[in-house]
Every structure is written in C-alpha cells, then in structure tokens.
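**Student:** sequence isn't available, so here's the structure alone:
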C-alpha cells in the first residue's frame, strides 16, 4: 500500500517554513504513524490551520532538561533535528480535543525561527541532510531482521507483553524499525539518538542495542536468563 507521504518525492516538494510541535520523549520517522491527542489551545489552532493547507506539522523534542511548552508565553529551547509529517487522520471529541495521526515524511534540521503573531512556533528548516528519507524502503536490505525479531521476542517475553506477530511478520523492515523506534519506552536521549541515525541499518542496530541493555539489566536483577 502506498503511503500518503509518497506524494513527496523531492525536497523541493516540502515547505521551507513549517509549524513545530515540541513534545518530550516523542519522535516521528518516515512512513510511520504517530497518534496525538491535541488539547492545548495554541496547538488546536495549529491543527486547524494546517488542515486548511498542506496538513504538514514538524515534530521535535525540547532540549534536554526542558519539558514541553505548557505555557503559551514560554518557548523552550528545541533540539536541532526533527521530522515533518502529514496529518492523515483526524477526529474531534465531545470535550473539544482533537485526535490526529501524523504520517512521517522526512527529517529536518532547524535553521531559524520565524517571527509571527501566531500562538505556535514556525521555523525555517533544511531537509538536505535527510534526502534519502524520501525514498521508500531505502536501506531495508541491510537490516538484520532475524536478529531484530529474536531480540524483540526476548524483550516482550521478559516484560510479559503480547504482540501481533502476524502483522509484524508482514511488515516491511522500514516500517518495523521505525515503528518500534517510535513506540519504544526509552527516554529523551535514546529517542533522539534513534531519530538522528544516518540510515535504517544504524537505527535498527541502536534499537537492538538498547533492547539488549534492558534485557541484560533485568536479567542481572533477577539472576535469570531468558532464552
């Protein structure tokens, strides 16, 4: 199935200036989906605004040590790298919240902030370092899928978690690695490391290393080894 993000084939297809949604411990990656619960007034306005345009939003984490921007008059320092996504699902709740899904397109580096009268922030961004993000499936053949799935099974067993293995087995390497990176329970630094890896192979290796460290730590605590 073709991703809605597939319409963006060249960097020139993407806008130079985009609204940013800062959120701690949250990353977006190409052709993976990120569900979001929008309730803060300025981000409700941002969502309404993008719905009337290209439906594009940039996800980015605050700098280490800073929380999300909980006050409309406080702008926190941001990481320099994020990922732009297209709003592909949208619904409104009875209490006025918006439930949306972003589908990742391409990572970016922020250049400078634009001064506007809007309550949310807009930045000029540069996609050139991540041009290969626009190639669906780029680098999939270099991912060690067998080892990744073996580590995933051990991790899930250790945490007593279930998984839809039919869906996992049908997923492409790109979708599997990027989705696992997005939903992984790691902290700000680990999430940013997964976001900024140069290619899919490296991201899968970082993901496996993080899982193996977690497994080793828990085995040390219990004195048991899970095979």
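**Tutor:** Yes, it's here. What you are looking at is a predicted structure, and each value in this text was computed from that prediction instead of being measured.
**Student:** quick one, domains of the chain?
**Tutor:** When the chain is parsed with automatic domain parsing, its domains come out as 4-134, 140-222.
**Student:** okay, these in a markdown table with mean neighbour count and mean pLDDT next?
**Tutor:** Using the backbone N, CA and C atoms, a C-beta is placed for each residue, glycine as well. Shown next, in a markdown table, are the domains of the chain (neighbours: other C-beta atoms under 10 Å; pLDDT from 0 to 100):
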| stretch | mean neighbour count | mean pLDDT |
| --- | --- | --- |
| domain 4-134 | 17 | 92 |
| domain 140-222 | 16 | 94 |
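**Student:** need the residue closest to the centroid of this structure.
**Tutor:** Nearest residue to the geometric centre of the chain (C-alpha atoms, centre = their mean): residue 28, 1.5 Å.
**Student:** and that one, which of the three is it?
**Tutor:** Secondary structure, DSSP: H, G, I helix; E, B strand; the rest coil: residue 28 is coil.
**Student:** now it: phi and psi?
**Tutor:** Main-chain torsions, residue 28, degrees, to the nearest 10: phi -130, psi 150.
**Student:** try residue 166
**Tutor:** Residue 166 has phi and psi values of phi -60, psi -40 when expressed as degrees, to the nearest 10.
**Student:** over to residue 110?
**Tutor:** With angles defined as degrees, to the nearest 10, residue 110 sits at phi -80, psi 140.
**Student:** what's the closest non-adjacent residue to it?
**Tutor:** residue 123 (4.8 Å; C-beta to C-beta, 6 or more residues apart in numbering).
**Student:** neighbouring contacts of the lengthiest helix in the chain?
**Tutor:** In the chain, assigned by DSSP state H, the helix with the most residues is helix 200-222. Residues outside helix 200-222 that contact it (C-beta atoms under 8 Å, 6 or more residues apart in numbering) are 138-140, 142-144, 147-148, 151-152, 154-155, 158, 173-174, 177-178, 180-181, 184, 186, 190, 193-194, 197, 225-226.
**Student:** where along this protein do the strands fall?
**Tutor:** When assigned using DSSP state E, the strands of the chain occupy the ranges 17-22, 33-38, 56-60, 81-92, 98-114, 121-126.
**Student:** partner strands of the third one and their direction?
**Tutor:** On the basis of DSSP bridges, the sheet neighbours of strand 56-60 come out as strand 17-22 (parallel), strand 81-92 (antiparallel).
**Student:** what angle do strand 121-126 and that strand make with each other?
**Tutor:** 90 degrees (axes from the mean of the first three to the mean of the last three C-alpha atoms, to 10 degrees).
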